[in-house]
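1. Fold the following and give me the result.
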Amino acid sequence: MKISIFLGAGASAAEHLPIQNELFSEYFRDLKPSDYNKEMNKELHRFFKQMFNIDLKKDDIDKVNFPTFEEVLGLLDLAEQRREFFKNFALELVNKESDSIRFIRQYLILLMAYSVNKKNTNKYHKMLIDNLLKSNLLLNTTFISANYDIIIDNTIAKLYDKEKLPIMLDYGINFANFNKDGNWVKPLDPMIKLYKIHGSLNWMYCPICSSLTLTPYEGGVMRILEDSEGAKCLNCGESTVPIIVPPTYFKDISNVFLSNVWNESEKALRDSDILIFCGYSFPDADIHIKYMIKRVQISRKKPPLKILVFNNHQNKPRSSLKKEEDRYKRFLGEYVIFTNKSFQDFAKNPTEYINLVFRE
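-> Prediction:
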């Protein structure tokens, strides 16, 4: 049996990471007055004041009704797509009074990276991996993650023991590290595949030589803010940039590494018997994901792909759960089993739920 597990934001929220609607308040709540002397925070203060009439220095952050991360990035992406400006925010720096949309966009992505890069637990991710391992299902499982954080990455990577358990983590792409002695080595069987379709905090892309550097166990994107020398490309020594695809309708997944990750994800889904969604609401903005799954659904040579969904959480309104169930079943059809269970429930006993699907 081949298994694919799709991890959404709810899986990371189970480990106390902020969800999309909490990113801005999470970041700005922690800033001290002196932090606004930094260029990034200075520009973000001006941006929110002019665009949303939010004064980050004076307003009570806990009472501010921030727009969502998706809404803000969507505005900037649409402006860039249409080659249009907002007042005082141009696509490029054309004068001292005009900020660049592209700079603001980059600052917002770094803000997101900072918010989700805080120390967190991996209690339920580890529980899931351990239980799959005990059930002899782990090596038949592919993980597809829409999350930028590296909780699942580190949980899998820390399994490796050269003598007792030589399981390696495979992202499905080549890193510059593979050519450097004493660095992250190219994975060999047995491998656990992890495909991060929206990028990752530990991937640093060089737009000069088109290589990708991995920062194992560390959200290396933060080096761009805190240690510019540590954010240099391993191959050519030039500055790197994040590969982060924000949650908007206008996603750009044309980067060669991301394209390969998407291709590998589709192959894995074609080969899977069951697809398990964990902490994922199947939002309208993720049309690329829906497109990929629908392609897989209607062109399989294997029996129909069974789909199992875990997206409940404590105090979630029943009405919200029903809307999500309708969204899944409307698009994916009769093979969806939508549970009222959470990612945590699934992590505690994955075998029970998987076996239940194939007994029906």
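
2. Which parts of the stretch 101-250 of the chain are helices?
-> Using DSSP state H, counting those that start in this stretch, the helices of the stretch 101-250 of the chain run over residues 101-116, 123-134, 151-157, 223-226.

3. Out of those, which is closest to residue 14?
-> Proximity to residue 14, assessed across those by C-beta to C-beta, is greatest for helix 123-134 (5.0 Å). (Glycine included, C-beta is placed from N, CA and C.)

4. who's in contact with the closest one?
-> Applying C-beta atoms under 8 Å, 6 or more residues apart in numbering, the external contacts of helix 123-134 come out as 5, 11, 14-15, 138, 141, 151-152, 155-156, 159, 343-344, 346-351.

5. quick revisit: compare the helices of the stretch 101-250 of the chain and say which comes out lowest on pLDDT.
-> Mean pLDDT values for the helices of the stretch 101-250 of the chain show the minimum at helix 223-226, a mean of 82.

6. Give the other helices and strands that it contacts.
-> With contacts defined as 3 or more C-beta pairs under 8 Å, 6 or more residues apart in numbering; DSSP states H and E, the secondary structure elements packing on helix 223-226 are helix 101-116.

7. Now do the helix it packs on: everything it contacts.
-> 12, 17-18, 22-24, 26-27, 40, 43-44, 47, 69, 72-73, 76-77, 79-80, 85-86, 89-93, 147-149, 201, 219, 221-222, 224-225, 241-242, 244, 246.

8. Return the members of these classed as buried.
-> With burial judged by 16 or more other C-beta atoms under 10 Å, the buried subset of these is 12, 17-18, 22-24, 26-27, 40, 43-44, 47, 69, 72-73, 76-77, 79, 86, 89-91, 147-149, 201, 219, 221-222, 224, 242, 244, 246.

9. Quick check: ChimeraX command selecting the buried ones in the contacts of helix 123-134.
-> A single ChimeraX command suffices to select whichever of the contacts of helix 123-134 are buried according to 16+ other C-beta under 10 Å:
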select :5,11,14,15,138,141,151,152,155,156,159,343,344,346,347,350
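
10. Restricted to strands, list the contacts of helix 123-134.
-> With DSSP state E as the criterion, strands contain 5, 141 from among the contacts of helix 123-134.

11. Wait, a helix at residue 332?
-> Yes. Inclusion of residue 332 in a helix is indicated when DSSP: H, G, I helix; E, B strand; the rest coil is applied.

12. At the geometric centre of the protein, which residue sits there?
-> With distances taken as C-alpha atoms, centre = their mean, the chain has residue 147 as the residue nearest its mean C-alpha position (1.8 Å).

13. Could you report the pLDDT at that one?
-> Per-residue pLDDT puts residue 147 at 94.

14. all strands for the stretch 151-300 of the chain, in order.
-> In chain order, the stretch 151-300 of the chain shows strands spanning 168-170, 191-196, 199-206, 211-214, 241-244, 274-278, with DSSP state E, counting those that start in this stretch as the criterion.

15. Turn those into JSON lines, including distance to residue 308 and mean pLDDT.
-> Below are those laid out as JSON lines (distance: least, C-beta to C-beta, whole Å; pLDDT from 0 to 100):
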{"stretch": "strand 168-170", "distance to residue 308": "24", "mean pLDDT": "96"}
{"stretch": "strand 191-196", "distance to residue 308": "19", "mean pLDDT": "97"}
{"stretch": "strand 199-206", "distance to residue 308": "25", "mean pLDDT": "94"}
{"stretch": "strand 211-214", "distance to residue 308": "31", "mean pLDDT": "95"}
{"stretch": "strand 241-244", "distance to residue 308": "28", "mean pLDDT": "89"}
{"stretch": "strand 274-278", "distance to residue 308": "5", "mean pLDDT": "98"}
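
16. Helix, strand or coil: sort out residue 316 for me.
-> Per three-state DSSP, the local secondary structure of residue 316 is coil.

17. Apologies, that question was intended for residue 48.
-> Following three-state DSSP, we place residue 48 in the helix state.

18. Provide a list of residues in contact with it.
-> Going by C-beta under 8 Å, 6+ apart, residue 48 touches 54, 55, 56.

19. OK, contacts around the first one?
-> Read that as residue 54. Applying C-beta under 8 Å, 6+ apart, the residues contacting residue 54 are 48, 64, 66.

20. do you know how far the second one is from residue 116?
-> Computed with C-beta to C-beta, to the nearest Å, the distance linking residue 64 and residue 116 is 20 Å.

21. likewise the first one?
-> Computed with C-beta to C-beta, the distance linking residue 48 and residue 116 is 20 Å.

22. Distance to residue 60 added to the strands of the stretch 151-300 of the chain, as TSV?
-> Formatted as TSV, the strands of the stretch 151-300 of the chain follow (distance: least, C-beta to C-beta, whole Å):
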stretch	distance to residue 60
strand 168-170	43
strand 191-196	36
strand 199-206	30
strand 211-214	40
strand 241-244	29
strand 274-278	35
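
23. Can you pull out the low-pLDDT segments for the stretch 151-300 of the chain?
-> Across the stretch 151-300 of the chain, nothing is flagged by pLDDT under 70.

24. try it again with 80
-> Low-confidence segments of the stretch 151-300 of the chain, defined by pLDDT under 80: 162-163, 181-183, 225-226, 247-250.

25. check contacts around residue 295.
-> Residues touching residue 295, when contacts are defined by C-beta under 8 Å, 6+ apart, comprise residue 266.
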